[in-house]
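Enquirer: could you work out the structure for the sequence below:
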Amino acid sequence: MINNILLICSFFFSFYLLIKSKFIRRWFLDDEFIKIQSFHKKSTPTIGGLMIILNLLVFVVFINSDILNLKILILFGVANFLIGSLDDLRLIRSPFIRFFIIIFLNLIIILIFDFNIKYFGIFFLDYINEFIFFKFFLVLFALFFIINGANLVDGFNGLLAIHAFIILILLKLIMGPVYYDNMELKNYIDALIILIFCFLLLNFPKAKIFLGDGGAYFLGSQISIISILIFNTSNNISPFFIAIILSYLFIELFFSVFRKIFQKKNPFLPDGIHLHMLIFYKINQKYLNANPKTGFLINLGYLIIVLPSLIYFDNNLYCMIHFFLIILIYLSIYYLLKKNII
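Expert: Numbers count the residues shown, from 1 in each chain. Predicted coordinates for the structure are as follows:
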């Protein structure tokens, strides 16, 4: 309890220090209102991710007992935060270059730790996962889509942060019956949940700060790595339960990429017809403050859809059916909204 209070105090103290910094006001300020994925009307500092990762590192070093048990999480988190921060600092603006750096750095960490997904529950994927090259490619593919999916949906107040908060809570709930021995990981997840909640107090419903690309990439890396770590160290969890938990971020990016390719658009460039944007347009037609309402509505729907999977998280067939049902629901909502709005 005392550690949690100290963590909260540290977060808001860092907010006070950073918001006063001339460097932050100069470099970490989102004032590009003309971007198609921007839905804010005033300059807002993109320091949320920086505040979360700084306070999380302080927690790990000074409070958590064994940093070595968390080194893979920390390396993935720091690497992806730095990649996203290159865009926040306007040092790299090309999505293609940014994606290449994401692939390169994450692949290095994957190879160093021999990090992989133990099995997928699909014969073809499990077969090729036996080969060294493919097992690294498959986990890289999964991380790439979750990390970039997190950045893709980070366009409305609270959308990504609430989503990450829910995912971590669900993973904590499932850790009880299947995963006991790693207290460092449990404490790390608790700290991350607390820091995301603190961020939401400053971001939702009215945004005083944003996560920034650095924060989005960081949260995407953390929820994906934590999910895989929990799955790999348990014999009870269905791989499709993890797919259910991460479904929104994965499907949003996966569908977006292939939709743009089919429409002969550049898949690296954003457009204005992602699901969360269509929902925003629909809400904005009738109600005020559509920005935070979008984030809340999407996450409420997500929670209602995925919550039943906690009952049968260890049943591969039920979880598989549930996952493909989510895909069907996503596509149905998307094309219904697109038909009525565009």
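Enquirer: tell me the secondary structure for residue 116?
Expert: State at residue 116, reduced to three classes by DSSP: H, G, I helix; E, B strand; the rest coil: coil.
Enquirer: got the phi and psi for it?
Expert: Residue 116 adopts backbone torsions of phi -150, psi 170, taken as degrees, to the nearest 10.
Enquirer: and it, how far is that from residue 232?
Expert: 8 Å (C-beta to C-beta, to the nearest Å). All C-beta spots, glycine's among them, are computed from the backbone N, C-alpha and C.
Enquirer: so the residue lying closest to residue 310 once chain neighbours are set aside, which state does it fall into?
Expert: Using C-beta to C-beta, 6 or more residues apart in numbering and skipping the chain neighbours, the partner closest in space to residue 310 is residue 173 (6.4 Å). State at residue 173, reduced to three classes by three-state DSSP: helix.
Enquirer: look at residue 263 and say how many residues are nearby.
Expert: 10 (other C-beta atoms under 10 Å).
Enquirer: check the gap between it and residue 255 for me.
Expert: Taken as C-beta to C-beta, the span from residue 263 to residue 255 is 12 Å.
Enquirer: okay, residue 116 and residue 232: which has more neighbours?
Expert: Taking neighbours as other C-beta under 10 Å, residue 116 and residue 232 compare with residue 116 leading, 19 against 14.
Enquirer: now the more buried one. Nearest residue, chain neighbours left out?
Expert: Closest to residue 116 by C-beta to C-beta, 6+ apart is residue 135, at 4.4 Å.
Enquirer: which element is the one you found on?
Expert: Per DSSP states H and E: residue 135 is located in helix 132-153.
Enquirer: which strands or helices does that helix pack on?
Expert: helix 71-88, helix 95-113, helix 123-128, helix 159-178, helix 212-232, helix 247-262 (3 or more C-beta pairs under 8 Å, 6 or more residues apart in numbering; DSSP states H and E).
Enquirer: that helix vs helix 71-88, what angle?
Expert: 50 degrees (axes from the mean of the first three to the mean of the last three C-alpha atoms, to 10 degrees).
Enquirer: state the mean pLDDT of helix 132-153.
Expert: The pLDDT scores in helix 132-153 average 94.
Enquirer: residues touching residue 257, list them.
Expert: Residues in contact with residue 257 (C-beta atoms under 8 Å, 6 or more residues apart in numbering) are residue 267.
Enquirer: and it, how far is that from residue 263?
Expert: 11 Å.
Enquirer: also residue 95?
Expert: Applying C-beta to C-beta, the value for residue 95 to residue 263 is 17 Å.
Enquirer: what's the answer for residue 324, then?
Expert: Shown here: residue 324 relative to residue 263, a distance of 24 Å by C-beta to C-beta.
Enquirer: what does residue 331 give?
Expert: Taking C-beta to C-beta, one finds residue 331 at 15 Å from residue 263.
Enquirer: same deal with residue 155?
Expert: Counting by C-beta to C-beta - residue 155 and residue 263 are separated by 20 Å.
Enquirer: tell me which residues touch the residue nearest the centre of the chain, please.
Expert: Most central in the chain under C-alpha atoms, centre = their mean is residue 220, positioned 3.0 Å from the mean C-alpha point. Residues counted as contacts of residue 220 (C-beta under 8 Å, 6+ apart) are 80, 146-151, 249.
Enquirer: again with residue 302
Expert: By C-beta under 8 Å, 6+ apart, the contact set of residue 302 is 163, 166, 248.
Enquirer: any chance of those in CSV, plus pLDDT and distance to residue 45?
Expert: Compiled in CSV, the contacts of residue 302 are given as follows (pLDDT from 0 to 100; distance: C-beta to C-beta, whole Å):
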residue, pLDDT, distance to residue 45
163, 97, 21
166, 98, 25
248, 97, 27
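Enquirer: low pLDDT regions in this structure?
Expert: For the chain, applying pLDDT under 70 flags the ranges 1, 25-27, 30-42, 64-69, 177-181, 342.
Enquirer: if we use 80, what do you get?
Expert: Scanning the chain for pLDDT under 80 picks out 1-3, 20-43, 62-69, 93, 176-182, 267-270, 340-342.
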